[in-house]
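J.: predicted coordinates and the sequence they were generated for:
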Amino acid sequence: MPNSDLLPSLLEKLYENQLALEASIMELSNWVEQRGSTDVAENVRGALETISTNEKFIKLTLAVLMAPD
């Protein structure tokens, strides 16, 4: 398999890792909020918006890269 064929798979795995990190950070944010640190939880959720904003573009790009020629 040529190295160029590995790029879409690599990007897909990085994307999966990103989603897993987003979910785990959201869980921690909820836990922090339950203990009274609402400001911290809100800041974390605000930072996570970047992941959500970029998700559609990443999914579209992966679909294009993985489409058969």
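T.: Perfect, thanks for sending it. Model, not experiment: these values are computed from the prediction.
J.: please enumerate the strands of the chain.
T.: For the chain, no strands are identified by DSSP state E.
J.: low-confidence regions, it specifically.
T.: By pLDDT under 70, the low-scoring segments of the chain are 1-4, 69.
J.: chain center to stretch 9-27, what's the gap?
T.: 4 Å (CA atoms, centre = their mean, to the nearest Å).
J.: cool, stretch 62-69 as well?
T.: The answer for stretch 62-69 is 19 Å, by CA atoms, centre = their mean.
J.: list the buried residues in it.
T.: Using 16 or more other CB atoms under 10 Å as the test for burial, stretch 62-69 gives Leu62. (C-beta placed from N, C-alpha, C; glycine too.)
J.: do the same with stretch 47-67
T.: So, applying 16+ other CB under 10 Å, buried residues of stretch 47-67: Leu48, Ile51, Ile58, Leu62.
J.: of those residues, which belong to helices?
T.: Leu48, Ile51, Ile58, Leu62 (DSSP state H).
J.: ok, the third one to Arg45 distance?
T.: Distance, Ile58 to Arg45, by CB to CB, to the nearest Å: 20 Å.
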